[in-house]
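A.B. asks: Give me the fold of what follows.
(chains A and B)
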Amino acid sequence: MAHSSEARYGRWIVRVSSVAVCLLAWQAASACHINLGIVTFANVPAPTDVLAAAIEFAESPKVFSHIGTSLMRVFAGYAIAAIVGIAIGLAIGRSKRASDFLSPPLELLRPIPAVAWIPLAVLMFPSSELSMIYITFIGALFPILLNTVHGVENVDPRLVASARSLGGTRGAILREVILPGAAPSIVTGLAVGMGTSWFCLITAEMISGQFGIGYFTWESYTLQNYADIVVGMFLIGVLGMGSSYLLRRIGGALTPWHTPEELRR
Amino acid sequence: MSALVKGGRIDAEHVSIALGRGADAFEAVQDVGFTIEPGELVCILGPSGCGKSTLLGALAGHIEIAKGKLHVDSAPVSGPHPDRGIVFQHHTLFPWKTARDNVAFGPKMRGYGKAERRRLATEMLELVGLSDFANRYPKQLSGGMQQRVEIARVLVNRPRLLLMDEPFGALDALTRLMMQELLLAIWRHVPTTIVFVTHDIDEALFLADRIIVMSPRPGRILEVIKVPFERPRPTEIMASAEFGKLKAHCLGLLRSTQDPHPLQRLSPLGIAAGARL
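C.D. replies: Down below sits the predicted model:
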């Protein structure tokens, strides 16, 4: 036992020093303004500058408006995508008629990346706020929808047959068998959708936003606050990771019969 | 202890069942007729793919018959019903429900309150000897335990028919024998008509009042054998001369029509075991 915990310490030391080496290399590269021809560190802020900028940003009142705006947009678009995606996914997976009616237009729209919607979304929605929520929605919709359909179609027909033999009505089977049967796949779709909706939001904010973490990052570039660019990048990473983590925890709590190994897949 | 048998008579006349579509269509069951009395335990014995599971699926209401008459208590079978409970070979317990909630599913569908269905499920789990495992998920139970929960889940509805599709086929020999004894014990407490599909001659002879022996596809009835052993049956009868004689007879029947190319196993839901509904 003692041996294995020692080994674990050893591995952690390796991991931490690996990060430290990266930071040092970065610090050295930007301090010496290394120019490799195809890539230059001349304008890249050093980790120490980034840390200072991060502290300054954290103390400024802007931090809440930027993060708050982004979070609000993501969760609005994502929540609508989750509701619409799961509802349409269940309908397509369960009913041939719904599938014939709904699938063709969705299949046509699916290959269009959500960010390609940005110009049209700006034209379609009177407020830029709504257009960004729409982009976030489109980004999250397809992963959630497709995984829901996939999950519903893969529910073991023998489970459905058993439920029918035990007296389950169509509605009861949807609630008691189809939904929990498809839940692990739906959770996967929700996790993937969370990632894409962040990605889409950041892009949309860089193009048409006022406030928001994507806007902050792009604004830092135009204002030549180079250290703030990296602060923005880190924040985007942390927010995306945090929401994915939250989602996995909620998903795990909702599907306790499902082991986490399979959930991570 | 034992209540009166409430119905459970099966009348089958000239039943044929077709499966598949277009060029793949074939007759799985051909012109089959038999009568099963209320409270009887009948095994349907036949080689793999002979249509015995298909016949069971028709009794459960998952497969429609093409020709003939299939009545339970003088009413034609139309669609699945909790009066005709079915136990499959493989685990069809709801993985997201505990053993108790799986058993309580039928009562829940019939609108029983939470406390009442909990009581019914607990009682049933006690009958199959799983009181201590009520809060486990199916994954946390052994194969034999899972099949016991399956039986409890069907019996909690007090069905007129208990339809079993090779329910112990996936278990090891010792567990299978234990489950066969358990089934007979449960059947004494909850008397109901049991139709038990198997390809295991020993299993059929140990369990059944009568054995319906079927031919390879298209499934027809070769012979109906009355099993003379008294009940309750100790496992020792399997070593008796009478048992050996009957076994040899069954084996002869199955051999006489043996197909050199064994067929794919059929399921009570249609073509292959994993077929979509």
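A.B. asks: tally of neighbours for residue 66?
C.D. replies: Assuming you mean chain A. The tally of other residues near A:His66 (other Cβ atoms under 10 Å in any protein chain shown) stands at 23. In this view, the C-beta of every residue, glycine as well, is placed from N, C-alpha and C.
A.B. asks: wait, chain B
C.D. replies: Count around B:Ala66 with other Cβ under 10 Å applied: 15.
A.B. asks: residue contacts, it?
C.D. replies: B:Ala66 makes contact with B:16-18, B:27 under the criterion Cβ atoms under 8 Å, 6 or more residues apart in numbering or on different chains.
A.B. asks: one more time with 6 Å, if that's ok
C.D. replies: Shown in contact with B:Ala66 (Cβ atoms under 6 Å, 6 or more residues apart in numbering or on different chains): B:16-18.
A.B. asks: In this structure B:Val149 contacts B:Arg100, no?
C.D. replies: No: contact between B:Val149 and B:Arg100 fails when scored by Cβ atoms under 6 Å: they sit 9.0 Å apart.
A.B. asks: These two: who's more crowded?
C.D. replies: Neighbours were counted for B:Val149 and for B:Arg100 using other Cβ under 10 Å; B:Val149 has more, 27 against 22.
A.B. asks: Can you classify the residue nearest the centre of chain B by secondary structure?
C.D. replies: Closest to where the C-alpha atoms of chain B average out (Cα atoms, centre = their mean) is B:Met164, at 1.4 Å. What DSSP: H, G, I helix; E, B strand; the rest coil gives for B:Met164 is strand.
A.B. asks: Show me what it is bridged to.
C.D. replies: Applying DSSP bridges to B:Met164 gives these bridge partners: B:Val87, B:Phe196.
A.B. asks: That one against B:Phe88, yeah?
C.D. replies: No: taking Cβ under 6 Å as the definition, B:Met164 is not a contact partner of B:Phe88, at 8.6 Å.
A.B. asks: Residue numbers of chain B in contact with chain A?
C.D. replies: Neighbours of chain A within chain B, by Cβ under 6 Å from any Cβ of the partner chain: B:60, B:62, B:80, B:82, B:86, B:88, B:92, B:95-96, B:105-106, B:109-110, B:137, B:269, B:276-277.
A.B. asks: out of these, which are inside strands?
C.D. replies: In strands, defined here by DSSP state E, the members of the residues of chain B next to chain A are B:Ile86.
A.B. asks: which of the residues of chain B next to chain A are buried?
C.D. replies: B:60, B:62, B:80, B:82, B:86, B:88, B:92, B:95-96, B:105-106, B:109, B:137, B:269 (16 or more other Cβ atoms under 10 Å in any protein chain shown).
A.B. asks: thinking A:Ser128 is in contact with A:Ser208, fair?
C.D. replies: Yes: at 5.0 Å, A:Ser128 counts as touching A:Ser208 under the criterion of Cβ under 6 Å.
A.B. asks: These two: which is more packed in?
C.D. replies: A:Ser208 (19 against 16).
A.B. asks: From chain B, how far out is the more buried one?
C.D. replies: Using Cβ to the nearest Cβ, to the nearest Å, A:Ser208 is found at 43 Å from chain B.
A.B. asks: hang on, the earlier thing: most neighbours of all the contacts of B:Ala66, which one?
C.D. replies: Among these, the one with the most neighbours (other Cβ under 10 Å) is B:Ile17, at 24 neighbours.
A.B. asks: Could I get the pLDDT score of it?
C.D. replies: B:Ile17 carries a pLDDT value of 93.
A.B. asks: ok, for it, nearest residue in space, not its chain neighbours?
C.D. replies: B:Val29 (4.1 Å; Cβ to Cβ, 6 or more residues apart in numbering or on different chains).
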